[in-house]
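> kindly return the folded structure for what I paste below:
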Amino acid sequence: TNRYFSFSRLGLVMKRDFMENWKTNLYLFLGVFFAFLGVYLLQMYDYSDSIHGGVLDAYQTVERYVSHHTAAFAGVTLFMLVYFATETMRNMRTKEQRLSYLMLPATKLEKFVSRALYVTVGMFSMILLSSLLAEAVHWAFMPFFDELPDKFKVCVWLDAWGKIFDDLNPFKATAKLLVNKNAFVLGGIMGGTVALWWHSLYILGGNYFGKYAFFKTTGIIILVAILLAMGISHIDFDFGPGTFEWLDEFMRNNEDWLNENFVAGVITFIFLCFTAFNWWLSYELFTRQQVVKPKFRLL
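Take a look at the predicted model:
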């Protein structure tokens, strides 16, 4: 009867969601598992066949093998993380599902947090466990690849996850160039916030679009990027002499606090605000779900 946030009710909502959709969750787990196993086996087959056919030595370096494997592994993982972000409303696609979920004796915030944890922490755990299980099965297939030298029969699971964390931090290369240790830390945090903002766009798309949310969200992002690029290309940036003299002078006069730490902190704060706004807007869309959806949702 109370409207306060309750962790016990949240646990019951998550338990109900898991129990009613256990088949879907099992199929998802198996799908993710076979995707990773396919990456393992196809990579081994490619190198085994190439080495057996006498391809150049470039293919026979372990570093190249691990690099190719981790790149494919990271690509599959990042795609799944983004794709599952659009599956927030998976259990509310039909009128019967929406009626059943909206009638649950829990607050709207608890229901939203349940779905948010499902598509973030839950899916990340599923990806983590399925990739580890695929690594174990991959080792079981080792005897079938006799042409592959023993030096290639290595565990690359940790290297693959390290590659993913590098990909999630687009500013890591810039941060390495910074002399200040604090700036390096802020550079890593800044890259993480950019990745969270990008992920929140798909969370927002998953809460708005009922079907094919991933493809629709991706299409809108690409369309906006193209329009922005076209708009910038048509702007005539005519900077005359002395245009930035005031900016150079301002930076020289305030170089004691206007440094890499300040810039990284400002960018981090901006993207955190954008991320929080996307999550708030997702929650607002979630709370406005109705049993019968209106035709003109933009109104």
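> state the helix or strand in which residue 9 lies.
helix 7-20 (DSSP states H and E).
> mind listing residues that contact that helix?
Residues outside helix 7-20 that contact it (C-beta atoms under 8 Å, 6 or more residues apart in numbering) are 25, 91, 104-107, 110-111, 113-115, 117-118. All C-beta spots, glycine's among them, are computed from the backbone N, C-alpha and C.
> just the buried ones from those?
25, 91, 104, 106-107, 110-111, 113-115, 118 (16 or more other C-beta atoms under 10 Å).
> can you pick out the most distant pair from those?
25 and 107 (24.0 Å; C-beta to C-beta).
> show the average pLDDT along stretch 124-143.
Stretch 124-143 carries an average pLDDT of 85.
> and for stretch 234-254?
On average, stretch 234-254 scores 63.
> now do stretch 33-50
So the average pLDDT for stretch 33-50 ends up being 78.
> now the helix or strand hosting residue 280, how far from the chain's geometric center?
Residue 280 is part of helix 260-287, with elements assigned from DSSP H and E. Relative to the centre of its chain, helix 260-287 is centred 16 Å away, using C-alpha atoms, centre = their mean, to the nearest Å.
> now do that helix: which elements does it pack against?
helix 108-117, helix 181-208 (3 or more C-beta pairs under 8 Å, 6 or more residues apart in numbering; DSSP states H and E).
> what's the least confident stretch among these?
helix 181-208 (a mean of 78).
> against which helices or strands is that helix packed?
helix 62-85, helix 172-177, helix 213-233, helix 260-287.
> quick one on the thing from earlier: for the helix holding residue 280, buried residues please.
Here helix 260-287 shows 260-261, 264-265, 267-268, 271-272, 274-275, 278-279, 282-283, 285-286 as buried, counting by 16+ other C-beta under 10 Å.
> of all the helices and strands packed on helix 181-208, which one is nearest residue 95?
helix 260-287 (16.7 Å).
> report the angle between the axes of the closest one and helix 108-117?
Counting by axes from the mean of the first three to the mean of the last three C-alpha atoms, to 10 degrees, helix 260-287 points 120 degrees away from the direction of helix 108-117.
> state the distance from residue 264 to residue 255.
According to C-beta to C-beta, to the nearest Å, residue 264 stands 16 Å off from residue 255.
> what does residue 271 give?
From residue 271 to residue 255 the distance is 25 Å (C-beta to C-beta).
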